[in-house]
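In: Sequence first, then the predicted structure, then my questions.
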Amino acid sequence: MSTTLPGTAVARSSGPPADQKDQMREAVRQARGRKRRRTVSVRFAQLGLVIAILGSWELMSRTGVLPDAKLFYGNPTGVGAFLWENHGHLAANAVATVYASFLGFTLGASSGIVVGLLFGRFEFLERTFDPVMNVLASLPRIALAPLFLLWFGISDTAKVALAISIVFFVVLFNTLAGVRSVEGELRTVATLLGASSRQVFVKVVLPGAVPVLFAGLRLALMFSILGVVGSEMIAARQGLGLDVVVYGQNLQPNGVFAVLAILATVSGVFSAVLRLVEGRLLRWMPERT
Amino acid sequence: MTQVTDATARSTASPQNAEHAHIGLTFEHVSHWFVSEKDAKLVLEDLTFQVPDQQFVAIVGGSGCGKTTALNMVAGLIKPTEGRVEARIGEEVISLPSHRLGYMWARDTLLPWRTLQRNVEFGLEVRGMSKAERRARAGHYLEMVGLAGSERKFPQQLSHGMRQRGSLARLLATEPSFLLMDEPFSALDAQTKGVMQQEFLTIWEEERRTVVYVTHDLTEAALLADRVLVMGQGYLAFDIEIPFERPRKLDELRFSTEFAEMNRYLYDRLLDAQSGGRA
């Protein structure tokens, strides 16, 4: 074209490509450094907060701000000492509680998943069972403990049964919600690509349900420990739930806190394991918290 | 009848008098109501047309004119209340829905938990193709749409344009003889859209098959199709042949005078259709 076109070309002020690459690398390095420094300072602040809480607790109990601390409030060094002196006994009871919780979680969650998937696949089943399930799920399950104790005696079975009665419904409803969360469009796409209804279920609905399902499993893990400890608090031969009641009645606050510390550690470890599995299965998710 | 003479013949001859061609798609007095609990709405009214085998036909019309409903009938997702929809590949009548018809959506519908490679393999996997074979085939089509090197990425890690390319590769990998496209490039930015249109057209021109392409974009319809069906509310208003030669170079065609005229013509017909007119 011979006519003059409007506008002028704008020159870019950039160095040679090699130079740019170095600049880019440097920028990435700096950004990483900033992020790491932020993380490190958050960690220090977190540590500081914990020390401040424990420190002021210790101080208040020693100075008498908390009256009769030995009988009612305990203190961190006392808890530490209690853990050390009773570690054999506590460990045995922790094993009993962890074992029952693990069993309750595994059995409750797997049956919850299976039934949830069945309900997700066959709407007729789901609708038939819906009223019954809703009534059972809305019961405060801890009130079932006497029944389980009656049936199974003061035994591990009673604890596990209570845990299952909570875990099962949590996982069932989350599995169903997970199945429903898979968009109809993805199922249609799979069908049009030639997938049979079984293949759609296995290859689309199942993996699509995993994120919501895992949210349910995390909850279920906590509920499993809750069920077991609750059952132990009502009646048990051993277990941390039994300990916590006994120590409370004997005015041993350090013992109660020692048990709480163990329970916190146990659920922390359980959660971490679950998070690891989840991270592996949900690699494809954009952002996880 | 060789592929070459067949193709040249079709690019000049009007589809109506191309009697040697098989019929790929038939709509015969198709009417459809969407029925809800409160009322029923007539979305398609006595739709009748035929599409010759291997023709690229675009259906255009405003929102809610029933074009996607018509497409979903070809896919077998909707059964018409009245009338008959029949798709054929060659002589054979296809029972719908069938995986031999490829369907492409406007929205990205890759499975988010599968890598790009495994998404493209999906249609092959459910058909029981061996792992080695489907891997090779998926690789081939990913390369064709310009995604070689991104095989192991998850959809969330890809741009919107790349995801649509991935969908196209997944569609082509099943090697369907019949393509149904529902505004496949409408969600893309102008430049990516142009590139994808050209790529898709080139692939199609090399290996022709029947295409039903639903779009609200008249320019796109005129650029790609052999024939444009303009719909009014629920009915077929105009049936327009697009005479541009193939293979088409879209960047040239887009700015040519004939194209501007055709575009104008289509635009006027669409306005006619929307005010209730018909041919």
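Out: Arrived safely.
In: from here on, contacts and neighbour counts on C-alpha atoms
Out: OK.
In: secondary structure element for the most far-flung residue of chain B relative to its centre?
Out: Residue farthest from the centre of chain B, counting by C-alpha atoms, centre = their mean, is B:K38 at 33.7 Å. Under the criterion DSSP states H and E, no helix or strand holds B:K38.
In: go on, the one 3 residues further on?
Out: Element membership of B:K41 [criterion: DSSP H and E] is strand B:40-52.
In: where does the residue farthest from the centre of chain B sit relative to chain A, distance-wise?
Out: Distance, B:K38 to chain A, by C-alpha to the nearest C-alpha, to the nearest Å: 24 Å.
In: Can you classify A:A258 by secondary structure?
Out: Look at A:A258: counting by DSSP: H, G, I helix; E, B strand; the rest coil, its state is helix.
In: What count of nearby residues applies to it?
Out: 26 (other C-alpha atoms under 10 Å in any protein chain shown).
In: Now do A:F72 against A:F257, distance only.
Out: 11 Å (C-alpha to C-alpha, to the nearest Å).
In: what do you get for A:L103?
Out: 25 Å.
In: higher neighbour count, those two?
Out: A:F257 (23 against 20).
In: Would you agree that one is in contact with A:G80?
Out: No: if you go by C-alpha atoms under 8 Å, A:F257 and A:G80 don't touch, sitting 9.5 Å apart.
In: Spell out which strands sit alongside the helix or strand hosting B:F238 in the sheet and which way each one runs.
Out: Per DSSP H and E: B:F238 is located in strand B:236-241. Using DSSP bridges, strand B:236-241 pairs in its sheet with strand B:227-231 (antiparallel).
In: so what's residue 40 up against?
Out: Just so you know, I chose chain A. If a contact means C-alpha atoms under 8 Å, 6 or more residues apart in numbering or on different chains, then A:V40 has no contacts.
In: not what I meant, chain B
Out: Counting by C-alpha under 8 Å, 6+ apart, B:A40 has contacts B:W33, B:F34.
In: now swap in A:L251 and tell me
Out: Going by C-alpha under 8 Å, 6+ apart, A:L251 touches A:L71, A:F72.
In: residue ranges for the helices of chain A, please.
Out: Ranges of helices in chain A, per DSSP state H, are A:17-63, A:69-72, A:76-85, A:87-121, A:123-138, A:145-152, A:156-181, A:184-192, A:197-200, A:206-234, A:240-249, A:253-281.
In: Likewise for chain B?
Out: Going by DSSP H, chain B shows helices at B:3-12, B:67-75, B:116-125, B:131-144, B:160-173, B:190-206, B:218-224, B:250-253, B:257-274.
In: out of those helices, which comes closest to chain A?
Out: Closest to chain A of the helices of chain B is helix B:116-125 (C-alpha to the nearest C-alpha; 4.9 Å).
In: Does anything pack onto the closest one? Which helices or strands?
Out: The contact analysis (3 or more C-alpha pairs under 8 Å, 6 or more residues apart in numbering or on different chains; DSSP states H and E) places helix B:116-125 against helix B:131-144, helix B:160-173.
In: which residue sits closest to B:E86 in space, ignoring its chain neighbours?
Out: Closest residue to B:E86 apart from its sequence neighbours, by C-alpha to C-alpha, 6 or more residues apart in numbering or on different chains: B:T26 at 5.1 Å.
In: meant to ask about A:E232, not that
Out: A:G241 (4.7 Å).
In: what about that neighbour, how many neighbours?
Out: With other C-alpha under 10 Å as criterion, A:G241 counts 27.
In: tell me how far the ends of stretch B:89-107 are from each other?
Out: Termini of stretch B:89-107 sit 27 Å apart (C-alpha to C-alpha).
In: what residues does that stretch touch?
Out: In contact with stretch B:89-107 (C-alpha under 8 Å, 6+ apart) are residues A:189, A:191-194, B:22-24, B:53, B:74-77, B:86-88, B:167-168, B:171-172, B:174-187.
In: Kindly report the same for stretch A:174-188.
Out: A:112-113, A:116-117, A:119-120, A:200, A:204-206, A:208-213, A:215-216, B:109-111.
In: Show me what the lowest-mean-pLDDT helix or strand in chain A is packed up against.
Out: The weakest-scoring helix or strand in chain A, judged by mean pLDDT, DSSP states H and E, is helix A:69-72 (a mean of 85). Helices and strands touching helix A:69-72, as assessed by 3+ C-alpha pairs under 8 Å, 6+ apart, comprise helix A:17-63, helix A:253-281.
In: how much space between the residue most central in space within chain A and chain B?
Out: Most central in chain A under C-alpha atoms, centre = their mean is A:R218, positioned 3.2 Å from the mean C-alpha point. Here A:R218 is placed at a distance of 21 Å from chain B (C-alpha to the nearest C-alpha).
In: That residue reaches A:L274, doesn't it?
Out: Yes: applying C-alpha under 8 Å, one finds A:R218 in contact with A:L274, separated by 7.3 Å.
In: Show me the domain layout of the chain.
Out: I'll assume chain A. As given by automatic domain parsing, the domain ranges for chain A are A:16-63, A:70-288.
In: meant chain B actually
Out: Here the domain parsing of chain B from automatic domain parsing is B:5-9+B:20-100+B:178-279, B:109-175.
In: comparing these, which gets the lowest mean pLDDT score?
Out: For the domains of chain B, mean pLDDT drops lowest on domain B:5-9+B:20-100+B:178-279, to a mean of 86.
In: Pull the distance from that domain to the chain's centre.
Out: Taking the mean of its C-alpha atoms, domain B:5-9+B:20-100+B:178-279 sits 7 Å from the chain's own mean (C-alpha atoms, centre = their mean, to the nearest Å).
In: what does stretch A:124-142 give?
Out: On C-alpha atoms, centre = their mean, the centre of stretch A:124-142 falls 24 Å from that of its chain.
In: what does stretch A:263-279 give?
Out: Taking C-alpha atoms, centre = their mean, one finds the center of stretch A:263-279 at 6 Å from the center of the full chain.
In: Buried residues of that stretch, list them for me.
Out: A:L263, A:V266, A:S267, A:F270, A:S271, A:L274, A:E278 (16 or more other C-alpha atoms under 10 Å in any protein chain shown).
In: Quick one: neighbours of the residue lying closest to B:T69 once chain neighbours are set aside, just the number.
Out: Among residues not flanking B:T69 along the chain, B:I78 sits closest, at 7.4 Å (C-alpha to C-alpha, 6+ apart). For B:I78, the neighbour count with other C-alpha under 10 Å is 15.
In: same check, this time on A:L66
Out: Neighbours of A:L66 under the rule other C-alpha under 10 Å: 16.
In: neighbours of the closest residue to it other than its chain neighbours, just the number please.
Out: Among residues not flanking A:L66 along the chain, A:M60 sits closest, at 5.7 Å (C-alpha to C-alpha, 6+ apart). Neighbour count for A:M60, taken as other C-alpha under 10 Å: 16.
In: Thought A:K70 was touching A:M60, still the case?
Out: No: look at A:M60 against A:K70 with C-alpha under 8 Å: they stay out of range, at 11.7 Å.
In: Close to chain B: what parts of the stretch 101-250 of chain A are there?
Out: Within the stretch 101-250 of chain A, the positions adjacent to chain B are A:185-186, A:189-196, A:199, A:204, A:207-208 by C-alpha under 8 Å from any C-alpha of the partner chain.
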